[in-house]
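Asks: From the sequence below, what's the structure:
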Amino acid sequence: MTDAVNPASSDSSLRVDRVDLAADADVAQWTRVRNEVGVALLGDDAQLTSVEIVRAMAQRSDQVRELYLARDAGQVVGAGSFLLPGGPGDTDAEVWVGVLPEGRRGGVGSAVVAAMEARARELGCSRVVLDQTSPREDGLPGSQFCVAMGCRQSQLVLGLRLDLPVPAGTLTPLQERATSASDAAYEILTAWDEIPADWLDDRAHLASELSTEAPDAAIDHDGEHWDAERVRTLWLSRLAGGGRAVESVAIDRATGQLVAFSDLVAYASMPHVASQSDTVVLDEHRGHRLGLAVKLANLRTLAEELPDITAVRTWTAIDNTHMLAINRELGFRVVEWTRMWVKEL
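Replies: Residues are numbered from 1 along each chain as shown. All right, here's what the predicted structure looks like:
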């Protein structure tokens with residue numbers, strides 16, 4: 001463990017420390033807390049992680065990601081994660097905090113957030129964005145904690161689940177609709193476990209567009225810079241974490257440019273669930289059902305390559321009405337509500 005922080009009083013036994021990623025035992029403890037907190041909150045819908053995933057994501061060269069553990073009298077009672085998604089110089093620090101049931105109502109959560117706030121100030125950030133998930137639409141009980149920490153709600157994201165296989169009665173008419181809307185002008189291609197080199201530049205442009213569109217108006221956000229190397233780094237980190245990745249793209253036949261993509265990742269830590277990470281369509285190419293087309297292509301490939309996958313999870317902002325409509329057409333249902341809370345520093 002490194003960088004000890006004790007935001008509590010001098011006679012308190014509570015400590016918050018930054019995790020040394022080379023310390024296997026501490027990374028394993030952090031992973032355990034993350035999973036146990038998730039299961040306690042969401043049950044079977046919790047997204048489980050693994051030491052391999054945690055370490056691979058924390059070592060991405062394009063981001064700053066740190067892990068924290070809280071101990072009370074030497075016993076691990078909570079954890080936190082700190083992320084600068086755009087790398088050094090990013091002004092928004094994205095944080096998550098989780099407290100085990102035995103550590104709740106003892107100031108653990110506020111101590112972990114205080115430690116990460118201090119880190120954000122040290123790195124020159126102007127605000128923290130706290131990720132808080134609830135199985136309830138009203139956000140309780142975690143929303144009360146965020147208000148008490150001095151945060152304001154900026155965004156609501158719906159956590160969705162699609163059970164597989166999608167019934168043919170649903171899939172067939174959607175496929176016909178997507179094909180009739182996009183087949184003449186666009187080509188749909190799919191990559192599995194390795195992204196083609198000639199996709200990288202266009203794919204980076206799409207990711208940059210997504211980063212400027214994803215936040216809502218409540219956060220003044222400049223977006224993130226993506227280039228070919230950052231896209232490659234993302235894919236390599238997924239593979240290093242034991243993941244299998246599939247990505248489908250739409251190519252404008254007239255220009256050869258990638259104008260839409262959607263990706264899925266499946267990890268050994270959740271052998272029956274795949275996570276849909278991102279989907280985006282360039283503004284000038286919307287209205288051709290490309291979002292639906294690339295999602296359907298991913299589902300077909302997933303069924304062929306990993307037939308044991310029985311569900312897909314995704315997260316969509318409540319104000320992204322177009323993507324929510326596509327997800328509902330496919331049969332996704334809401335299983336969690338994630339609020340993004342902002343605290344100005």
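
Asks: all helices of the stretch 1-150 of the chain, in order?
Replies: In the stretch 1-150 of the chain, the helices defined using DSSP state H, counting those that start in this stretch lie at 24-42, 51-58, 108-122, 142-148.

Asks: buried residues in the first one?
Replies: The neighbour-count criterion (16 or more other Cβ atoms under 10 Å) identifies Asp26, Val27, Gln29, Trp30, Thr31, Val33, Arg34, Asn35, Glu36, Val37, Gly38, Leu42 as the buried residues of helix 24-42. (Glycine included, C-beta is placed from N, CA and C.)

Asks: Closest one to Pro271 out of those, please.
Replies: Lowest distance from Pro271 to the buried residues of helix 24-42 (Cβ to Cβ) belongs to Asn35, with 14.5 Å.

Asks: Relative to Arg289, how far out is the closest one?
Replies: Distance of Asn35 to Arg289, given as Cβ to Cβ, to the nearest Å: 37 Å.

Asks: likewise Asp201?
Replies: 25 Å.

Asks: cool, and Gly241?
Replies: To Arg289, Gly241 is 32 Å away according to Cβ to Cβ.

Asks: With Leu21 instead?
Replies: 43 Å.

Asks: So if I had to pick from these two, which one is more boxed in?
Replies: A direct count of neighbours by other Cβ atoms under 10 Å for Leu21 and Arg289 places Arg289 higher, at 21 against 17.

Asks: Correct me if wrong: Arg60 contacts Ser237.
Replies: Yes. In this structure, Arg60 is within contact of Ser237 by Cβ atoms under 8 Å, at 5.0 Å.

Asks: Output the below-cut-off pLDDT ranges for the stretch 201-345 of the chain.
Replies: Filtered on pLDDT under 70, the stretch 201-345 of the chain yields the residue ranges 212-223.

Asks: please redo it, this time with the cut-off set to 50
Replies: Across the stretch 201-345 of the chain, the ranges flagged by pLDDT under 50 are 215-218.

Asks: can you give me the strands in it?
Replies: For the stretch 201-345 of the chain, applying DSSP state E, counting those that start in this stretch gives strands covering 243-252, 258-267, 273-281, 311-317, 333-344.

Asks: any chance of these in JSON lines, plus distance to Leu156 and mean neighbour count?
Replies: Converted to JSON lines, the strands of the stretch 201-345 of the chain look like this (distance: least, Cβ to Cβ, whole Å; neighbours: other Cβ atoms under 10 Å):
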{"stretch": "strand 243-252", "distance to Leu156": "27", "mean neighbour count": "22"}
{"stretch": "strand 258-267", "distance to Leu156": "22", "mean neighbour count": "24"}
{"stretch": "strand 273-281", "distance to Leu156": "18", "mean neighbour count": "21"}
{"stretch": "strand 311-317", "distance to Leu156": "7", "mean neighbour count": "20"}
{"stretch": "strand 333-344", "distance to Leu156": "6", "mean neighbour count": "17"}
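
Asks: which residues does the closest residue to Ala120 other than its chain neighbours bridge with?
Replies: Nearest non-adjacent residue to Ala120, counting by Cβ to Cβ, 6 or more residues apart in numbering: Ala93, 3.9 Å away. Beta-bridge partners recorded for Ala93 (DSSP bridges): Val128.

Asks: And for the one 4 residues further on?
Replies: Each beta-bridge partner of Val97 is listed here: Gly80, as defined by DSSP bridges.
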